[in-house]
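Mind folding the following:
(chains A, B and C)
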Amino acid sequence: MLHDSQVRTCSPQGRFAAGAARLAGTALVSTDAHGKHLFHGYRTPDGEPLWLHVHLGLYGRFSAGDPPAPPPVGQVRLRWRTDRCYLDLRGPAACHLVTPDEKVDLHARLGPDPLRPDADPSPAGDRMSRSRVPVGQLLMDQSVIAGVGAAYRAEVLFRLEIDPHCPGRSLDRATWLAIWKDLRELMAYGVRAGRIDTVRPEHTPEAMGRPPRVDRHGGEVYVYRRASLPCLVCGTPVRAGVLAARNLYWCPRCQS
DNA sequence: TAAGTATGTTAAG
DNA sequence: TTAACCTACTTAC
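Below is the predicted model:
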């Protein structure tokens, strides 16, 4: 949307005023994402490259619209404007300009991202196979595998009938590769659809004659945020707990 | 009006 | 292991 356009940037909130000033008048020439980290590559009129690093964290959001951009509502950290659109960023955990070296360092701290076509699942599989840490915790470790969060963790483990508490090293290689393959498909779908849907066709609301999910996160899922509700497969109440400092949901019957 | 919640990460203790 | 960060929205009172 912003690609190849010269952008006008500002920080209505003021917390990124210096960065917005440096970006003003640059053109977006590339984008890159690794896990939950987003990078914008800009080029100044002088030809100087600038990288913007954004991480939405827990509350960050983008919102976009057609020009003219309305007066900013709430805490807008960074606003972009081009002739064709505007884009607002609120509440990010990170919004900084970084050097190419700093960008390299960030990539080095992250494991393979199932959404990147060149990603190699082997190092993550090696980490799993050597670790006594629960698989539900390893999947949240961004240095093991990048991009999985609490929702995909819960859903992929349900789909493969794996107890989130079982040690990583109790999974064999084929099981790890099945997790990786399922994550690739689920996450690629999520990018296309703009929401997280993980239920198989036979468990959709239409197929089961149940009402669609009412949840502000949208998306049809098996266990995520379904604590105490009946498992869509076996009817056992979905259990909830905390693992890796995030809410965990699982079916004690299907995943044992 | 206040309290609680959230697809997250980092640093301090 | 806990708290801090940060924003918008929902629910409780």
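
what does the helix or strand of chain A with the lowest mean pLDDT contact?
Least confident element among the helices and strands of chain A, by mean pLDDT, DSSP states H and E: helix A:205-208 (a mean of 92). If you take CB atoms under 8 Å, 6 or more residues apart in numbering as the criterion, helix A:205-208 is touched by A:201-202, A:211-213, A:220, A:232. To be clear about C-beta, it is placed using only N, CA and C from the backbone, and glycine gets the same treatment.

Please list only the buried members of those residues.
Among those, those buried by neighbour count (16 or more other CB atoms under 10 Å) are A:220, A:232.

Rank the contacts of helix A:205-208 by pLDDT and give me only the lowest.
On pLDDT alone, A:Arg213 ranks lowest of the contacts of helix A:205-208, at 82.

So it lies in a strand, does it not?
No: under DSSP: H, G, I helix; E, B strand; the rest coil, A:Arg213 sits outside any strand and is assigned coil.

before we move on, which element is A:His40 in?
Using DSSP states H and E, the element containing A:His40 is strand A:37-43.

And for A:Val54?
strand A:49-55.

sorry, back to before: buried ones in the strand holding A:His40, by neighbour count?
A:37-42.

ok, of these, which one's closest to A:Ala17?
Minimum distance to A:Ala17 across the buried residues of strand A:37-43 is 16.8 Å, recorded for A:Tyr42 (CB to CB).

picking up where we left off before, orientation of the strand holding A:His40 relative to strand A:49-55 in degrees?
Strand A:37-43 and strand A:49-55 are oriented at 160 degrees to each other (axes from the mean of the first three to the mean of the last three CA atoms, to 10 degrees).

Which secondary structure elements does strand A:37-43 sit against?
If contacts are counted by 3 or more CB pairs under 8 Å, 6 or more residues apart in numbering; DSSP states H and E, strand A:37-43 sits against strand A:27-34, strand A:49-55.

Buried deepest among these, which one?
Highest mean neighbour count of the helices and strands packed on strand A:37-43: strand A:49-55, a mean of 18 (counted as mean count of other CB atoms under 10 Å).

Pull the residues that contact the helix or strand following that one.
As assigned by DSSP H and E, the chain's next helix or strand after strand A:49-55 is strand A:61-65. Applying CB under 8 Å, 6+ apart, the contact partners of strand A:61-65 are A:1, A:56, A:85-91.
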